[in-house]
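Engineer: Just need the structure, nothing else, for what follows:
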Amino acid sequence: MAIIHRTTLEPTKLELLTGWLPTRPWYTGDGAPELSRPGGFRLDDPEGEVGIEFLVALDASGPAPVAYHV
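Structural biologist: Predicted coordinates:
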């Protein structure tokens, strides 16, 4: 199990994704995304060395919300 440190990440993950998502060929929007984070999960290395985090980024900038699993 990983140790969770209470810290502030700047820029936030959603701020980083706001700039990165429009550069992906599978991004369906046509402008800057308006992101929220409705969910996600983390997989931890049993040795405690690394982890990988998955999150759902919901883009509400278009006529209908689009969810991206990143």
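Engineer: For Ala57, give the beta-bridge partners.
Structural biologist: Beta bridges link Ala57 to Tyr68 when assigned by DSSP bridges.
Engineer: surely it meets Leu17?
Structural biologist: Yes - here Ala57 reaches Leu17: they are 5.4 Å apart, a contact under C-beta atoms under 8 Å. (Glycine included, C-beta is placed from N, CA and C.)
Engineer: what's the overlap in contacts for those two?
Structural biologist: Overlap of the contact sets of Ala57 and Leu17 (by C-beta atoms under 8 Å, 6 or more residues apart in numbering) consists of 33, 35, 68, 70.
Engineer: Measure how buried the first one is and give me the count.
Structural biologist: The criterion is other C-beta atoms under 10 Å. On that basis, Pro33 has 23 neighbouring residues.
Engineer: Return the distance of it relative to Val56.
Structural biologist: Relative to Val56, Pro33 is positioned 13 Å away (criterion: C-beta to C-beta, to the nearest Å).
Engineer: just the helices in the protein please.
Structural biologist: Using DSSP state H, the helices found in the chain span residues 13-20.
Engineer: any idea where the strands of it begin and end?
Structural biologist: Using DSSP state E, the strands found in the chain span residues 35-44, 51-59, 66-69.
Engineer: Of the ones you listed, flag the one that's most buried.
Structural biologist: strand 51-59 (a mean of 15; mean count of other C-beta atoms under 10 Å).
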